[in-house]
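Participant: Sequence first, then the predicted structure, then my questions.
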Amino acid sequence: MKSINEYVQKHPFIGGVIFFVTMAVVFLLGLLASSIIERRAEAVFAYAPTVKYQSWEPRNELWGQNYPRQYQSYVKTSDTSFKSFVGGSAMIDELERNPRLVVLWAGYGFAKDYNQGRGHYYAVTDVRNTLRTGGAPSPMPNTCWTCKSPDVPRMMETLGVAGFYKGTLDQLGHQIVNPIGCADCHDAATMNLRISRPALIEAWQRAGKDITQASHQEMRSLVCAQCHVEYYFNKKVHDGVQYLTFPWDSGLSCYEMESYYDQMGFSDWIHPISKAPMLKAQHPDYEIFSTGIHYERGVSCADCHMPYTSEGGQKFTDHHITSPLQYAYKSCQVCHREETGQLIKNVYDRQKKVKETKQLLEDALVHAHIEAGKAWELGATDIEMKDVLQDIRHAQWRWDFAVASHGASFHSPLETNRIMAGALNIVQDARIKLARLLAAKGFNKQVPWPDISTKEKAQHFVGLNMKKLNAEKQQFIEQTVPDWIRRAAEREKKYFTTDQFNE
């Protein structure tokens, strides 16, 4: 066998090839080494805290000085340009889009104003601006601030939990000014995920579980479940204080919560037309998610809504909390190999089917309320109406549970449609009972359908004085809110911070 030297002497060009290949390999190895060193340097720089602050620091921009990539992605929750089949990230007037909602929520704040929620960036602003919170004094309790700001755990530490829940929403308006952000989910010292709202901890304790033993993957959903859940205000716990409570004692399904509410005789309001004792579902996102295939496979909320991303060689969690469909390539397609268009079509197909059932159910519920109102007009008694009102209560609770949940038709389309199909059966039973009762009262024809073709007409039908409500809100926004912002700015100037972390 000839040596390499002999080959080179016989074929001089081989020497040149070997030389250039060697130089190329050395060059590439140099690039690799340089990249590794650079990335390690970036890692040290990216996560070297430069600002020190208190454990309940509510200002997201201050956390952002230590974690700029996460903060910069969080700020993107201010972007309202994304649109999807069911909505998107822009504010949409749901009452204008669907005036039947005004009748379904007649007598309750949602009949005044109900908009599709925007990103976390707008959490405080949207609470201030909605007609549901009124002016000063507000018709709503301080409890309504609970999920809207990292100022909340700060105030709970100062006032105590029950003390925070006490009083009306306007009393702490100058304290609650920073939108949902870092301190809601992270420990300031370790950056570990933590639960900052007591209602979730208390619900686990009543179930005999210790939430501090939850795994990191579980926490990537539980920090969301602090707020994206069904809840109610329990006035029996602390002498009339509207104490925020999760109705999970019997289970997380809408049927188990319905039974929980029935057993304690709880209702959110009495419907002024049907006189049914109603339940208002809030946003049972975690509960419906827990019935879906992604939950069963161990997928967390953050896996889809806050997927990992890379920038400058750094891998981090994207804090632009949004629909997975906006960035399907780094959320859905991490696991699913279908093309983006096909994935989105699959989601929309399921959502369209759920919407069909939803529309049928809403029509039946509006009919039931109006027909019940006619029965009362004709002299129906409480005993005659008892079963009818229970049916309306249960049917609308199930409808509300399904539609109030963000992304229910994606998280668990089968369960969502099953809930609404059951509700449709219940409300039709109520209408059959009402038809018999109306006939017994001498009314044997169809109850007239009111003109609720627009939000304005529907609100007039249920007796809302929108001119007065809008004027009160405008005065509140122009006079009260600027004072809150001024007082908050003066207070935050006194907060402890240091420019150098090691001072």
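Facilitator: Perfect, thanks for sending it. Residues are numbered from 1 along each chain as shown.
Participant: Look at residue 316 and give its secondary structure.
Facilitator: Using DSSP: H, G, I helix; E, B strand; the rest coil, the structure places residue 316 in strand.
Participant: nope, residue 249 is what I meant
Facilitator: The three-state label for residue 249, taken from three-state DSSP, comes out as coil.
Participant: Just confirm it contacts residue 257, I think it does.
Facilitator: No: here residue 249 does not reach residue 257: they are 9.1 Å apart, not a contact under Cβ atoms under 8 Å. (C-beta placed from N, C-alpha, C; glycine too.)
Participant: between these two, who's got more neighbours?
Facilitator: Relative neighbour count places residue 257 above the other of residue 249 and residue 257, with 24 against 15, counting by other Cβ atoms under 10 Å.
Participant: who's in contact with that one?
Facilitator: Residue 257 is in contact with 230, 247, 248, 250, 251, 287, 401, counting by Cβ atoms under 8 Å, 6 or more residues apart in numbering.
Participant: Kindly give a single PyMOL line that selects the buried subset of those.
Facilitator: Paste this into PyMOL to select the buried members of the contacts of residue 257, with burial taken from 16 or more other Cβ atoms under 10 Å:
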select buried, resi 230+247+248+287+401
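Participant: Please, where are all the strands along the stretch 51-200 of the chain?
Facilitator: Counting by DSSP state E, counting those that start in this stretch, the segments of the stretch 51-200 of the chain that form strands are 52-53.
Participant: can you give me the helices in it?
Facilitator: Chain-ordered helices for the stretch 51-200 of the chain, with DSSP state H, counting those that start in this stretch as the definition, fall at 60-66, 68-75, 94-97, 100-104, 123-129, 151-159, 161-165, 182-185, 198-206.
Participant: Let's have these in JSON lines, adding distance to residue 113 and mean pLDDT.
Facilitator: Conversion of the helices of the stretch 51-200 of the chain to JSON lines gives the following (distance: least, Cβ to Cβ, whole Å; pLDDT from 0 to 100):
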{"stretch": "helix 60-66", "distance to residue 113": "27", "mean pLDDT": "94"}
{"stretch": "helix 68-75", "distance to residue 113": "27", "mean pLDDT": "96"}
{"stretch": "helix 94-97", "distance to residue 113": "7", "mean pLDDT": "97"}
{"stretch": "helix 100-104", "distance to residue 113": "10", "mean pLDDT": "98"}
{"stretch": "helix 123-129", "distance to residue 113": "9", "mean pLDDT": "96"}
{"stretch": "helix 151-159", "distance to residue 113": "22", "mean pLDDT": "96"}
{"stretch": "helix 161-165", "distance to residue 113": "23", "mean pLDDT": "95"}
{"stretch": "helix 182-185", "distance to residue 113": "25", "mean pLDDT": "96"}
{"stretch": "helix 198-206", "distance to residue 113": "25", "mean pLDDT": "97"}
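Participant: Most tightly packed of those?
Facilitator: With neighbours defined as mean count of other Cβ atoms under 10 Å, the helices of the stretch 51-200 of the chain peak in mean count at helix 182-185, which reaches a mean of 25.
Participant: Tell me where the model's unsure across the chain.
Facilitator: Across the chain, the ranges flagged by pLDDT under 70 are 1-48, 497-503.
Participant: For stretch 467-483, buried residues please.
Facilitator: Along stretch 467-483, the positions that meet the burial threshold by neighbour count (16+ other Cβ under 10 Å) are 469, 473, 476, 480, 481.
Participant: Just give me the neighbour total for the closest residue in space to the second one that isn't next to it in sequence.
Facilitator: Spatial nearest neighbour of residue 473, excluding adjacent residues (Cβ to Cβ, 6 or more residues apart in numbering): residue 131 at 5.5 Å. One way to gauge burial is a neighbour count; for residue 131, by other Cβ under 10 Å, it gives 19.
Participant: my read: residue 131 touches residue 471, true?
Facilitator: No: between residue 131 and residue 471 there is no contact under Cβ under 8 Å: 10.9 Å.
Participant: just to revisit the earlier point, might you report the residue contacts of the residue nearest to residue 473?
Facilitator: Residues 109, 112, 113, 469, 470, 473 are the ones in contact with residue 131 under the rule Cβ under 8 Å, 6+ apart.
Participant: Find the helix or strand that the fifth one is a member of.
Facilitator: According to DSSP states H and E, residue 470 maps onto helix 466-475.
Participant: CA atoms only: put that helix into CSV for me.
Facilitator: Coordinates of the C-alpha atoms in helix 466-475 are reproduced here as CSV (Å, rounded to 0.1, in the frame of the first residue of the first chain):
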residue,chain,number,x,y,z
MET,A,466,-77.9,53.2,28.0
LYS,A,467,-77.7,56.9,27.6
LYS,A,468,-77.5,57.3,31.3
LEU,A,469,-75.0,54.5,31.8
ASN,A,470,-72.7,55.8,29.0
ALA,A,471,-72.7,59.3,30.4
GLU,A,472,-71.8,58.1,33.9
LYS,A,473,-69.0,56.0,32.5
GLN,A,474,-67.6,58.8,30.4
GLN,A,475,-67.5,61.1,33.4
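Participant: Can you give the contact residues for that helix?
Facilitator: Contacts of helix 466-475 with the rest of the structure, by Cβ under 8 Å, 6+ apart, involve 112, 129, 131, 134, 135, 456, 459, 460.
Participant: quick one: which of those is nearest residue 409?
Facilitator: For residue 409, the closest of the contacts of helix 466-475 turns out to be residue 112, at 26.1 Å, with distances computed as Cβ to Cβ.
Participant: what about that closest one, neighbour count?
Facilitator: For residue 112, the count of nearby residues is 21 (other Cβ under 10 Å).
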